[in-house]
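S.K.: This is a predicted model, with the sequence first.
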Amino acid sequence: MRHDVLEDIFSRVTGARIFKNRDILRPDYVPDTLPHRDDQIRALGSILAQALKGTKPNNVFIYGLTGTGKTAVTKYVLKRLAEKASELGVPFTYAYVNCRQSDTAYRVLADIAESLGLRIPFTGLSTAEVYRRIVRALNSRRILFTIVLDEIDFLEKGKGENLLYKLTRINEELTATQVSLIGITNDVKFVENLEPRVKSSLGEEELVFPPYNALQLEDILMERAREAFYPGVLEEGVISYCAALAAKEHGDARRALDLLRVAGEIAEREGAEKVTINHVQRARIEIERDRVEEVVKTLPLHAKMVLAAVYILTAPNRNATTGEIYSTYKTLCRAAGLEEVTQRRVSDILNELDMLGIINARVVSRGRYGKTKIVKLSADPDAVVRALKEDFRVGPALSSTSNR
DNA sequence: CTTCCACAGGAACCAGCGGACC
DNA sequence: GGTCCGCTGGTTCCTGTGGAAG
């Protein structure tokens, strides 16, 4: 995202030599070794190894917080298994679906179909039709098929459940092929709310990925840093500092890697010879800022309007209520010549902004004075306002009404 | 103890769009 | 070219509710 062609050229010219291979620190890079995940690799491996004998492996459910290596381990084991299977001449394939990217039943099925080599249009077919095609494709050949549903909790409620139910029962419709499922989630509550029949079927085996502690994160970072950076460019303590920061946030390895990568980028940008702890501190701020701007920029129009209203009403020590926000929002809309949405919708928008971590909304009862949400900005206000101004010109309205 | 504010948030439904099918 | 989809971003109507004021 922050990759900049010119930057590379500049740094080469100015002779900054920080990164040997930056991509190794990217979150989607699957390394050859996964430190401190031997137990999980062994467990998953022994479950899936059934496939090599030509029998269907049990379905697996994998839990663990973000950045605990669930995806990496799963991909790694499946890749190795597929290699082994083709070596042994066992017909085995798998589909990997990220349910956050493909967050509807239709898209999940489309992804699965595509890994089977079917061509499925973006839209236009009914989900039932896609499902039928998958069944037909599976029946026409003889393979063991594993479906990975990563971030399964992102499937919409109701419909998603239906899909899961269907997938757990798909074997009943199949003759030649057997399908096993791997569900991955970081939301423990998701499993609790699952329909019992789906839960029991999907959870034939369960695997828990514990968070990494600071020391383990350090090992991971060391390993990657060796490949990613030139020797000696990391100042003493940088790795353990990244590890410590990420360990505080529930041992998220992705976070740790991001910090290290961005710190390196900052160092390179300013032509420093070494990556220092100060670079890491700035990296933390920059990552957060980028995230906020990215999220705000892609917000729908009225969500931006609502956010602008929140911005105007909240100062460091002042919170806003739903009612206040709604009337400010209406004023903004009128000023911009827009039709305003209902308060009901604004209430939902506030919840959405809360979930995105841009604002902080909690419902309180003020007794006689009713029940409301009190809202404050939780993201960096400067980042918010910068993103708002960029593609939507509330600039003048904001600065003239702003109480900052 | 009751009232009653100021909303929360569920349910159902809708318009309009892009896109594939036949 | 009509028909059928799913998705997004709404709408309408609604019942529910914590706790200060009376």
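M.R.: Arrived safely.
S.K.: Outline the domain layout of chain A.
M.R.: Taking automatic domain parsing as the criterion, chain A consists of the domains A:5-28+A:212-294, A:38-209, A:299-401.
S.K.: now the last one, how far from the chain's geometric center?
M.R.: Looking back up the chat, that one is domain A:299-401. Here domain A:299-401 is found 25 Å from its chain centre; the criterion is C-alpha atoms, centre = their mean, to the nearest Å.
S.K.: so where's the stretch 301-404 of chain A uncertain?
M.R.: Low-confidence segments of the stretch 301-404 of chain A (pLDDT under 70): A:391-404.
S.K.: likewise the stretch 51-200 of chain A?
M.R.: Counting by pLDDT under 70, the ranges of the stretch 51-200 of chain A that qualify are A:124, A:156-161, A:188-196.
S.K.: Run through the residues of it sitting next to DNA strand B.
M.R.: A:121, A:122, A:123, A:124, A:125 (C-beta under 7 Å from any atom of the strand). (Each C-beta comes from the backbone N, C-alpha and C, glycine too.)
S.K.: Can you turn the buried part of those into a PyMOL selection?
M.R.: Buried residues within these, by 16 or more other C-beta atoms under 10 Å, are selected in PyMOL with:
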select buried, chain A and resi 125
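S.K.: any idea how far the residue of the stretch 251-400 of chain A found nearest DNA strand B is from DNA strand C?
M.R.: Minimum separation of the stretch 251-400 of chain A from DNA strand B (C-beta to the nearest atom of the strand) falls at residue A:370, amounting to 1.7 Å. Per C-beta to the nearest atom of the strand, to the nearest Å, residue A:370 is found 5 Å from DNA strand C.
S.K.: Check residue A:335 too.
M.R.: 17 Å.
S.K.: And for residue A:310?
M.R.: From residue A:310 to DNA strand C the distance is 15 Å (C-beta to the nearest atom of the strand).
S.K.: I'd say that residue and residue A:322 touch.
M.R.: No. Taking contacts as C-beta atoms under 8 Å, residue A:310 lies outside contact range of residue A:322: 10.4 Å.
S.K.: Residues that sit against both of these two, list them.
M.R.: A:350, A:375 (C-beta atoms under 8 Å, 6 or more residues apart in numbering).
S.K.: Looking at those two, which is more packed in?
M.R.: Applying other C-beta atoms under 10 Å to residue A:310 and residue A:322 shows that residue A:310 carries more neighbours, namely 26 against 19.
S.K.: so what's the more buried one up against?
M.R.: A:320, A:325, A:350, A:353, A:359, A:375, A:376, A:377.
S.K.: Could you dump those residues into TSV and include neighbour count and distance to residue A:305?
M.R.: What follows is the contacts of residue A:310, written out as TSV (neighbours: other C-beta atoms under 10 Å; distance: C-beta to C-beta, whole Å):
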residue	neighbour count	distance to residue A:305
A:320	25	14
A:325	27	10
A:350	23	12
A:353	25	11
A:359	26	14
A:375	24	14
A:376	17	18
A:377	21	15
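S.K.: any idea how far DNA strand B is from residue A:78?
M.R.: 29 Å.
S.K.: ok now do that residue, which residues does it touch?
M.R.: The contact partners of residue A:78, taken as C-beta under 8 Å, 6+ apart, are A:48, A:94, A:96, A:146, A:148.
S.K.: now with 10 Å?
M.R.: Listed by C-beta atoms under 10 Å, 6 or more residues apart in numbering, the contact set of residue A:78 reads A:44-45, A:48, A:51, A:85, A:92-96, A:146, A:148, A:182.
S.K.: Stretch A:213-228: which residues count as buried?
M.R.: Neighbour counts using 16+ other C-beta under 10 Å place A:214, A:216, A:217, A:218, A:220, A:221, A:223, A:224, A:225, A:228 of stretch A:213-228 among the buried residues.
S.K.: Tell me the bridge partners for the residue nearest to residue A:372 when sequence neighbours are not counted.
M.R.: Counting by C-beta to C-beta, 6 or more residues apart in numbering, residue A:321 is the residue found nearest to residue A:372 once chain neighbours are left out, at 4.4 Å. Taking DSSP bridges as the rule, residue A:321 bridges to residue A:374.
S.K.: these two touch, right, residue A:321 and residue A:375?
M.R.: Yes. The criterion here is C-beta atoms under 10 Å, and residue A:321 meets it with residue A:375 at 7.2 Å.
S.K.: joint contacts of the two?
M.R.: residue A:313.
S.K.: can you pull out the helices in the stretch 151-300 of chain A?
M.R.: Remark: helices assigned in the stretch 151-300 of chain A by DSSP state H, counting those that start in this stretch are A:159-168, A:188-192, A:196-202, A:214-228, A:238-248, A:253-269, A:277-297.
S.K.: weakest of these in terms of mean pLDDT?
M.R.: Least confident of the helices of the stretch 151-300 of chain A, judged by mean pLDDT, is helix A:188-192 with a mean of 67.
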